[in-house]
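Undergrad: need coordinates for the following:
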Amino acid sequence: MIRDYRVSDIDQILAIWLSASIKAHDFIESAFWESKINEMREVYIPASDTFVYEVEGEIVGFYSLYQDTLAAIFILPNFQGKGLGSILLDDAKKRRENLQLTVYKENTKSIQFYEKHRFVLLSEQVDVHTGHPELIMVYR
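TA: The predicted structure follows:
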């Protein structure tokens, strides 16, 4: 079940974000992601429209929209590969006519996932925080 984020969800959201970020971005030191937890808690999540996916009362995934940007989409690692990411992404597409996102070029699984959902490459840039190349992709 997808529902609106509640402030009381923050610790579960951050745990999902951290574990999934470390798994998906093994080319970046885990200490980088750990150093961003407070920013996620205090800046990024509050500034975004966030929606969670619950299974039997447990949050197992979420996504965040900031204007027309898919700022985050994360699933607990042990729930990945079961279609939940597609469900969340389809929900996000219903809420925005156009979506844009950035994804690390080295994160080939996520790129394939977005391409499967009809996102196309717009441009490429370097993430100023990590120095790793990112793709900017759009869905229209």
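
Undergrad: when you work out contacts or count neighbours from here on, use the C-alpha atoms and nothing else.
TA: Noted.

Undergrad: how near is Asp9 to Gly57?
TA: From Asp9 across to Gly57, the span is 11 Å (Cα to Cα, to the nearest Å).

Undergrad: and what of Pro133?
TA: Noted for Pro133: a distance of 37 Å to Gly57, by Cα to Cα.

Undergrad: the two - which one has more neighbours?
TA: Comparing Pro133 with Gly57 by other Cα atoms under 10 Å, the one with more neighbours is Pro133, at 15 against 8.

Undergrad: check contacts around the more buried one.
TA: Tyr104, Lys105, Glu106, Glu124, Gln125, Val126, Asp127 (Cα atoms under 8 Å, 6 or more residues apart in numbering).

Undergrad: so what pLDDT did the closest residue to it other than its chain neighbours get?
TA: Once flanking residues are discounted, Pro133 sits nearest to Val126: 4.3 Å by Cα to Cα, 6 or more residues apart in numbering. For Val126, the model assigns a pLDDT of 98.

Undergrad: over to Val126: give its phi and psi.
TA: Main-chain dihedrals, Val126, degrees, to the nearest 10: phi -110, psi 130.

Undergrad: isn't it right up against Glu106?
TA: No. The pair Val126 / Glu106 is not scored as a contact, 11.9 Å apart, by Cα atoms under 8 Å.

Undergrad: compare those two (neighbour count), which wins?
TA: Using other Cα under 10 Å as the criterion, Val126 and Glu106 rank with Glu106 on top: 16 against 13.
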